[in-house]
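J.: give me coordinates for this.
(chains A, B, C and D)
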Protein chains: 2
Amino acid sequence: MVDRPAISKGEMEVARALWQIAPATVREVFEALPAARSIDFSTVQTYLRRLEIKGHAVSKLKGRVRVYSARTRERTVIRETVNDLVQRLFDGETMPLVRHLIEDRGIDEASLAELRDLIDRLDQEGQK
Amino acid sequence: MVDRPAISKGEMEVARALWQIAPATVREVFEALPAARSIDFSTVQTYLRRLEIKGHAVSKLKGRVRVYSARTRERTVIRETVNDLVQRLFDGETMPLVRHLIEDRGIDEASLAELRDLIDRLDQEGQK
DNA sequence: ATCACTGACGTACACATGTACGTGAAATGC
DNA sequence: GCATTTCACGTACATGTGTACGTCAGTGAT
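T.: A predicted model of the protein is given here:
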């Protein structure tokens, strides 16, 4: 638990792109962002800089360009972000959110089947 | 979809207290907050004021004190907040988050059973 | 060599957010 | 009826966040 500063919404978009393709230059990250996302190159640069300051990325100059790598794993950040949400919205209880996702957002047949398998598997483990 | 400004983390704490006990005065909300949360009375006042500006609450002077009520339902705000998270972290896909919650955070026996029921129920509905 | 391009880096700037203080008026304890 | 408490309300202020511009220095094309 190094407790790095939280990643903001904007930074998160960039961080996700970085996780996908790191190590990568600013331009590569910029181009990896969803096309729909209209954002300036220098804005991406700023986000990467801030991610580094926050300890979520590292960079190194390779010749004339700066190459960024992730320093925290996506899984970790997701965990922390979700934990935070669950804490703030559901007093730390997991189930209410699971319920909300399944009932309120709805899931399709395939997912339902997958979920069933998942439960079976956990049940097995629980038995042992 | 009136698209009100998003509720910030701090505001959310207060909003949740308000949902619980509204209509309520600032002091009542203040006292309804988790004891662990050390926060000034006037800070709560500010949050309530901002919630009203953002359209999530309404207030009315009752004599000398201002009484706040929620204007958006908790369910709605939860939905929007979760939608936003799912969008930003999982490209709008529900299942990855469900998986994360179940696998990564872990759920107990009872919840597992509840989940099974939930799935059965949805399966039934799907059949029809 | 020169021009257009690209990138790093510093800087900016408005708006959001967390947090709270000060002032003045009303209510309450004694 | 005076001191104390309690509020509403205006205001503040540091920090975070979204977004981007300007400058200067390499780089590649002509």
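
J.: what's near enough to touch residue A:27?
T.: Counting by C-beta atoms under 8 Å, 6 or more residues apart in numbering or on different chains, residue A:27 touches A:41, A:65. Where you see a C-beta, it was placed from the backbone N, CA and C, and this is true even at glycine.

J.: list the buried ones in the host helix or strand of it?
T.: Element membership of residue A:27, judged by DSSP states H and E, is helix A:26-32. Residues of helix A:26-32 classed as buried: A:26, A:28, A:29, A:30, A:32 (neighbour count, 16 or more other C-beta atoms under 10 Å in any protein chain shown).

J.: quick one: that helix near DNA strand D?
T.: No - contact of helix A:26-32 with DNA strand D (C-beta under 7 Å from any atom of the strand) is absent, the minimum separation being 10.9 Å.

J.: that helix vs DNA strand C: in contact?
T.: Yes - shown here: helix A:26-32 in contact with DNA strand C (C-beta under 7 Å from any atom of the strand) through A:26, A:27.

J.: burial of residue A:73, as a residue count?
T.: 11 (other C-beta atoms under 10 Å in any protein chain shown).

J.: residue B:39 versus that one, what's the distance?
T.: According to C-beta to C-beta, to the nearest Å, residue A:73 stands 33 Å off from residue B:39.

J.: go on, residue A:22?
T.: The gap separating residue A:22 from residue B:39 is 39 Å, by C-beta to C-beta.

J.: report the angle between the longest helix belonging to chain A and helix B:109-127.
T.: Across chain A, the longest stretch assigned as helix under DSSP state H is helix A:109-127. Inter-element angle recorded for helix A:109-127 and helix B:109-127: 150 degrees (by axes from the mean of the first three to the mean of the last three C-alpha atoms, to 10 degrees).

J.: packing partners of helix A:109-127?
T.: Based on contacts counted as 3 or more C-beta pairs under 8 Å, 6 or more residues apart in numbering or on different chains; DSSP states H and E, the elements that helix A:109-127 packs against are helix B:95-99, helix B:109-127.

J.: out of those helices, which one sits most buried?
T.: Compared across the helices and strands packed on helix A:109-127, helix B:95-99 shows the largest average neighbour count, a mean of 19 (mean count of other C-beta atoms under 10 Å in any protein chain shown).

J.: chain center to it: distance?
T.: Centroid separation for helix B:95-99 versus its chain: 20 Å, with C-alpha atoms, centre = their mean, to the nearest Å.

J.: got a list of what the closest residue to DNA strand D within chain A touches?
T.: DNA strand D sits closest to residue A:10 of chain A, with a gap of 2.9 Å, by C-beta to the nearest atom of the strand. By C-beta under 8 Å, 6+ apart, the contact list for residue A:10 reads A:43, A:47.

J.: can you tell me the closest non-neighbouring residue to residue A:20?
T.: Closest residue to residue A:20 apart from its sequence neighbours, by C-beta to C-beta, 6 or more residues apart in numbering or on different chains: residue A:32 at 6.1 Å.

J.: hmm, who's touching the lowest-mean-pLDDT helix or strand in chain A?
T.: Lowest by mean pLDDT, DSSP states H and E among the helices and strands of chain A is helix A:109-127, with a mean of 89. With C-beta under 8 Å, 6+ apart as the test, helix A:109-127 has contacts from A:102, A:107, B:94-95, B:98-99, B:102-103, B:107, B:109, B:112, B:115-116, B:119, B:122-123, B:126.
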